[in-house]
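> The following block contains a protein sequence and its predicted model.
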Amino acid sequence: MIGNKSGAATLVADKSTTKVVPLGYKQTKVGVIPEEWEVVRLENLIAELEAGISVNSTDDFCSSNADKGILKTSAVSNGRFISSENKKIIQKDIDRAKLNPKKGNLIISRMNTPELVGAIAIVEKDFNNLYLPDRLWQTKFFDINSQDSYWLNYLLNTSKYKAKVRNLATGTSGSMKNISKKAFLKIEIPLPPLKEQQKIAQILTTWDDAISKQEALIEAKEQLKKGLMQKLLSGEVRFTGFDEEWEEVRLGDIFDERSRRFKDLKTEEVKQYSELLSVGINSGVTKRSENDAKDNSSSDKGNYKILDENDIVYNTMRMWQGASGVSTLKGIVSPAYTIVHLKDNYCIDFFGLLFKAHRVVFDFYRYSQGLTSDTWNLKYPHFSEVKVKIPTTKLEQQKIAQVFATADKEIALLKEELEILKEQKRGLMQKLLMGEVRVRV
């Protein structure tokens, strides 16, 4: 039975067990919620889901005006509406357009990839020159003042409801899924009184503001790092006490290729090199087991290359994009990678940074071989011909590397703090939006 307001707790009969429902709460189809909350379908709040115009897919160039264009589906991401994600308007689209995103409305990606279909975001200001493609819906509420759409956006962006919306998607294509209006509007949600909705939204918005400020700080630090790389790695800015002219060297004069294979290891060496490693443009050298991507490596690792600590490994077909890193690990990598190590007494971390500098990456691009970007590759013989300018002393190389090591640690700490904020927000969303924790209104 569902109890009354007078008891300390109520018991709810179940075929398999007995659940305790706290005082002031009730068991419903959507879970245990406060007694004064209702359970409603979205169709009770949303009068209509308005489809957008049909976009000419060949008109695939960006608008120079962030507030004028035809929205892409990427304009909806993690509860955020990104108005700059749009294509340029052409006159025939303006003539057919009848919808503009308005403040307080929700934008829903009705057709997208399986991971992104059903993505929802709130519009935070009126737009008069942004039009929706037919892959996006815009909500039209019965009365925008009777419910808080910020609260509804937060609710529909909880992991529970994001999964529920995605599960409604149908379609035979493995790459694109679609949600019907009828199915979406039948979703049942817990509905607090308006004032409680507004208070919940206010608290979560405060967390969003803190997250946005942290993201802006990280972006500023990363831009500062890029500026420093340009100046320090070119010798434009020097440290006090270093006056010698930088020398130009061929990479082949200071780097040797490491081509030892896993099958060449002695029995006692196998264990220390058993970890499969990979290198990314931004992530550097990482353990393959810690990546989320699907493992497409060969079951036979005999021809995989041995990677040692303080080696530089690069993706032979992506070096022109900066896909390289200094390894702090021992392991093996795909034969598609090239491994190099310093011959003499230089600072390896300096070269790890230098290989990310735009002017050097451009040289890697110039020396890459192949007819198209899909086949461009920079094997060691061509890598060895690239010329770079470097400080003549290892000490200056080390000082430059230390600046960026400090910057990287600071950015990593800021990113850790950002993840903590996001995790705190996720916990709050679950507790506030299901009424587990109540707010005073």
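Thanks, I have the structure now. The model shown is predicted, which means the values in this text are computed figures rather than measured ones.

> and residue 124, that's in a helix?
No. Assessed with DSSP: H, G, I helix; E, B strand; the rest coil, residue 124 is coil; it does not lie in a helix.

> what about it, how many neighbours?
Residue 124 has 12 neighbours, counted by other C-beta atoms under 10 Å. In this view, the C-beta of every residue, glycine as well, is placed from N, C-alpha and C.

> Could you tell me which residues make contact with the closest residue to it other than its chain neighbours?
Leaving aside its sequence neighbours, residue 124 sits nearest to residue 103 (C-beta to C-beta, 6 or more residues apart in numbering; 6.2 Å). Counting by C-beta atoms under 8 Å, 6 or more residues apart in numbering, residue 103 touches 123, 124, 125, 126.

> Write the PyMOL selection for whichever of those are buried.
Only the buried entries of the contacts of residue 103 go into this PyMOL selection, using 16 or more other C-beta atoms under 10 Å:
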select buried, resi 123
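
> Please identify which of the contacts of residue 103 is nearest to residue 269.
Distance to residue 269, by C-beta to C-beta, is smallest for residue 124 among the contacts of residue 103, at 58.6 Å.

> do you know how far the closest one is from residue 267?
63 Å (C-beta to C-beta, to the nearest Å).

> pLDDT weak spots in the chain?
1-19, 53-67, 89-98, 173, 292-298 (pLDDT under 70).

> quick one: residue 333 from residue 287, how far?
11 Å.

> which one of those two has more residues nearby?
Counted by other C-beta under 10 Å, residue 333 and residue 287 do not tie: residue 333 has more neighbours, with 26 against 12.

> partners of that one in the sheet?
Beta-bridge pairing of residue 333, defined through DSSP bridges, involves residue 305.

> re earlier: mind putting the contacts of residue 103 into a markdown table with distance to residue 74?
Below are the contacts of residue 103 laid out as a markdown table (distance: C-beta to C-beta, whole Å):
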| residue | distance to residue 74 |
| --- | --- |
| 123 | 15 |
| 124 | 17 |
| 125 | 19 |
| 126 | 21 |
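
> which two in the contacts of residue 103 are spaced the farthest apart?
Across those, no pair lies farther apart than 124 and 126, at 9.5 Å, counting by C-beta to C-beta.

> show me what contacts residue 289?
Contacts for residue 289 (C-beta under 8 Å, 6+ apart) come out as 275, 276.

> How is it assigned, secondary-structure-wise?
Quick answer, by three-state DSSP: residue 289 is helix.

> Equivalent analysis for residue 230, please.
helix.

> And for it, the neighbour number?
14.

> cool, residue 435 as well?
Residue 435 is flanked by 21 other residues according to other C-beta under 10 Å.

> these two touch, right, it and residue 189?
No. Contact between residue 435 and residue 189 fails when scored by C-beta atoms under 8 Å: they sit 11.8 Å apart.

> any idea how far residue 317 is from residue 37?
Taking C-beta to C-beta, one finds residue 37 at 56 Å from residue 317.

> The stretch 201-350 of the chain: helices as residue ranges?
251-254, 348-354 (DSSP state H, counting those that start in this stretch).

> Which residues outside the shortest one are in contact with it?
Applying C-beta under 8 Å, 6+ apart, the set of residues contacting helix 251-254 from outside is 340, 342, 343, 344, 346, 383, 384, 385, 386, 387, 388.

> hey, where'd the strands end up in the stretch 101-250 of the chain?
106-109, 111-112, 120-122, 130-131, 136-141, 177-178, 188-191, 247-250 (DSSP state E, counting those that start in this stretch).

> if we can go back for a sec, tell me the buried residues within the contacts of helix 251-254.
340, 346, 383, 384, 386, 388.

> Roughly how far does the third one sit from residue 313?
Taking C-beta to C-beta as the measure, residue 383 falls 12 Å from residue 313.

> now the second one
Residue 346 sits 17 Å away from residue 313 when distances are taken as C-beta to C-beta.

> Can you check which residues contact both of residue 383 and residue 313?
338, 340.

> Now name the helix or strand holding residue 440.
For residue 440, there is no helix or strand it lies in under DSSP states H and E.

> Could you find the closest non-adjacent residue to it?
Residue 440's closest residue in space is residue 199 (C-beta to C-beta, 6+ apart), at 7.5 Å.

> for the one you found, what are its contacts?
439, 440, 441.

> same question, residue 150
104, 122, 201, 204, 205.

> For PyMOL, write the selection for the buried entries among those residues.
Remark: buried members of the contacts of residue 150, expressed as a PyMOL selection using 16+ other C-beta under 10 Å:
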select buried, resi 104+122+201+204
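
> So what are the structural domains in the protein, by residue number?
42-191, 247-390 (automatic domain parsing).

> Tell me what the closest residue to residue 438 other than its chain neighbours is bridged to.
Computed as C-beta to C-beta, 6+ apart, the closest residue to residue 438 that is not its neighbour in sequence is residue 34, at 6.8 Å. Following DSSP bridges, residue 34 is listed with bridge partners residue 25.

> what's the burial count for residue 34?
Residue 34: 18 neighbours (other C-beta under 10 Å).

> cool, and residue 299?
With other C-beta under 10 Å as criterion, residue 299 counts 4.

> Check the gap between it and residue 379 for me.
In terms of C-beta to C-beta, residue 299 sits 25 Å off from residue 379.

> Next, residue 23: phi, psi?
Note on residue 23: its backbone torsions stand at phi -60, psi 130 [degrees, to the nearest 10].

> Residue 191 versus that one, what's the distance?
21 Å.

> now swap in residue 419 and tell me
Taken as C-beta to C-beta, the span from residue 419 to residue 191 is 31 Å.

> Could you check which of those two has the larger neighbour count?
Between residue 419 and residue 191, counted using other C-beta under 10 Å, the more crowded position is residue 191 (21 against 10).

> which residues does the more buried one bridge with?
Those that pair with residue 191 in a beta bridge, by DSSP bridges, are residue 38.

> Am I right that it is in contact with residue 36?
No. Contact criterion C-beta under 8 Å: residue 191 and residue 36 do not qualify, at 10.1 Å.

> joint contacts of the two?
With C-beta under 8 Å, 6+ apart, residue 191 and residue 36 have no common neighbours.

> Adding distance to residue 271, write the contacts of helix 251-254 out as CSV.
Formatted as CSV, the contacts of helix 251-254 follow (distance: C-beta to C-beta, whole Å):
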residue, distance to residue 271
340, 25
342, 26
343, 28
344, 31
346, 30
383, 31
384, 33
385, 37
386, 36
387, 40
388, 37
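
> sorry, back to before: and the strands of the stretch 101-250 of the chain: which comes nearest residue 161?
strand 188-191 (7.4 Å).

> how much space between residue 231 and residue 237?
4 Å.

> Ignore what I typed, I meant residue 415.
26 Å.

> do residue 265 as well
44 Å.

> If anything else comes up later, I'll come back, but that's it for now.
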